[in-house]
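Q: Would you be able to build a 3D model of this:
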Amino acid sequence: MQTPSNTIEMYLLAKDGNRPHLIDRAFAGGALLRMEVRQGGMDFPPVAHGRDAIAETLVRRFGRTYENVYSFCLADPPDPACAEFHCPWLVAMTEKDSRAVRLGCGQYHWRFAPGSRLAQELSIVVDSMQTLPPSDIHVVMPWIAALDRPWCDADRAMATAPSIASVHAVLEALARTPVQSHSPLALAA
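A: Got it, this is the predicted structure:
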């Protein structure tokens, strides 16, 4: 039986692993994606309708630009019976062309289809996205790769983060991310 956790995990596997065929196992046929980029220069269309458009936006186009993608939900997995789930997220990746490291955070707002438990709607808010020099890959990626995926304890992520100004800026934005329902996250500023 499909659960909201399975749906979210399949989405992350599709996006992080550049596997567009898995979008069908995460999103309902007429699903809606909304994107809001508040900071960081990411270029996404504000809305995508349907699996094909979502796969194009979040997997194919994303995968042409980024590699070494690690995404985390900073919450416990959702209750299997929930209709909605909201949580902060953290992502690290590298740009294919420049090899710069990108680190960002924001919020996921999920709504699940009754019955199938696939995503009917996903709103992604990008609160902060920092660009670090390629040389920082040797510090950022070992930290990020050691974190539990995809459900990560925010306190552990923050406590083990490297001491780099851009990383600190993302963690400060993460600390300001509102705590949502179904998320036991409590971040200290």
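
Q: In three-state terms, label the residue of the chain positioned farthest from its centre for me.
A: Outermost residue of the chain with respect to the C-alpha centroid, by C-alpha atoms, centre = their mean, is residue 115; its distance is 24.5 Å. Secondary structure assignment for residue 115 (DSSP: H, G, I helix; E, B strand; the rest coil): coil.

Q: Could you number the chain from 327 rather than 1 from now on?
A: Noted, 327 is the first residue going forward, which turns the last one into residue 441.

Q: Phi, psi for it please.
A: For residue 441, the backbone dihedrals are phi 90, psi -70 (criterion: degrees, to the nearest 10).

Q: Ok, residue 371 next?
A: Torsion angles at residue 371 (phi, psi; degrees, to the nearest 10) stand at phi -70, psi 150.

Q: Residue 453 versus that one, what's the distance?
A: 19 Å (C-beta to C-beta, to the nearest Å). Placement of C-beta: from N, CA and C, glycine included.

Q: Neighbour count: those two, which is higher?
A: Legend: neighbour count by other C-beta atoms under 10 Å for residue 371 and residue 453, higher for residue 453 (21 against 12).

Q: Name the nearest residue to that one, sequence neighbours excluded.
A: In this structure, residue 453 finds its nearest non-sequential neighbour in residue 432, 4.5 Å apart by C-beta to C-beta, 6 or more residues apart in numbering.

Q: Could you do residue 499 as well?
A: residue 454 (3.5 Å).

Q: What is the neighbour count of that neighbour?
A: Residue 454: 20 neighbours (other C-beta under 10 Å).
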